[in-house]
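J.: got a structure for you, letters missing:
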């Protein structure tokens, strides 16, 4: 198994000198060249042919007063891409973040662009200025570089979740993203995300991958959702064994708090922060299947019951 480190202001100094009736205009122009009053006075100037031409040229050039910035969280559910710009902070770093949710059919792709500085970023940029990484499950990939100032880390990541909208409606997910966007932009509290765990040992030995959810304790002793995923490595045929510790939260909250922690075993999904332990095993397929099926059944609630050995639970 191979691991890889995987700034409108149209400062038009339209410093324009309008000559009318042989008198020069006041040498002191408005402090703000893009002030609407300034624009209005240009349009009402006496009309020599040169004045008209000048006024026309100004009208063709957009001023800062005519350009409105897009309002935060103004995307709608039917858009194919939802863009959110916000700030993040952890105990050591401050960040400017842009998250774009791209929707294609049932698939969801989340792209994050992060620029952050902090107490250790200068050292990081000096010692290890570039890195690339990806998760073994193929969901997450990214990389970081350092800006020319030698102190700003620039991180770009992509999280691809196939068939995401098979289990949640577009409208429902849109509402949750809107709430997270408003919390991030307005500085409010993020809404708690619930994760209902249902253990189903429904995988069969012939499936391309075996996976199931269950609840267990993390290293702090907290009961959290967990996931096991096993699949053959296309490079060497060994089975990849991945164990996910799942901390439910919106993607925006997750990135705003964990942007400096991304790598192949830590990343943010659409609805959780994931901490992953990954390894490969040399067990043969039958032995490994038997082990995982038993492990899954051990996590079943007593009232679920265990199917016979000839088939997995439905």
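T.: Right, received. Where do you want to start? Remember, predicted model here, so these are calculated numbers, not experimental data.
J.: Domain parsing of this structure, as residue ranges.
T.: As assigned by automatic domain parsing, the chain contains the domains 8-68, 81-186, 210-248+283-298.
J.: now the ones you listed in a markdown table, with distance to residue 264, mean neighbour count and mean pLDDT?
T.: C-betas here are computed from N, CA, C, even on glycine. Output for those, formatted as a markdown table (distance: least, C-beta to C-beta, whole Å; neighbours: other C-beta atoms under 10 Å; pLDDT from 0 to 100):
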| stretch | distance to residue 264 | mean neighbour count | mean pLDDT |
| --- | --- | --- | --- |
| domain 8-68 | 40 | 12 | 40 |
| domain 81-186 | 5 | 16 | 97 |
| domain 210-248+283-298 | 11 | 15 | 94 |
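J.: could you dump those to CSV with distance to residue 274?
T.: Shown next, in CSV, are these (distance: least, C-beta to C-beta, whole Å):
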stretch, distance to residue 274
domain 8-68, 38
domain 81-186, 8
domain 210-248+283-298, 5
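J.: Residue 268 is nearest to which of those domains?
T.: Closest approach to residue 268 among these (C-beta to C-beta): domain 81-186, 6.8 Å.
J.: May I have the distance across the closest one, first residue to last?
T.: Start-to-end span of domain 81-186 (C-alpha to C-alpha, to the nearest Å) is 21 Å.
J.: Do a quick rundown of the strands in the stretch 51-200 of the chain.
T.: Secondary structure of the stretch 51-200 of the chain (DSSP state E, counting those that start in this stretch): strands at 81-89, 93-104, 107-118, 131-134, 140-146, 153-161.
J.: In contact with residue 145, which residues are there?
T.: 129-130, 153-154 (C-beta atoms under 8 Å, 6 or more residues apart in numbering).
J.: gap between residue 256 and residue 181?
T.: 11 Å (C-beta to C-beta, to the nearest Å).
J.: Make TSV out of the strands of the stretch 51-200 of the chain and add distance to residue 250.
T.: Putting the strands of the stretch 51-200 of the chain into TSV (distance: least, C-beta to C-beta, whole Å) gives the following:
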stretch	distance to residue 250
strand 81-89	10
strand 93-104	10
strand 107-118	11
strand 131-134	23
strand 140-146	17
strand 153-161	13
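J.: Helices of the stretch 101-250 of the chain, residue ranges please.
T.: Applying DSSP state H, counting those that start in this stretch to the stretch 101-250 of the chain gives helices spanning 121-127, 170-186.
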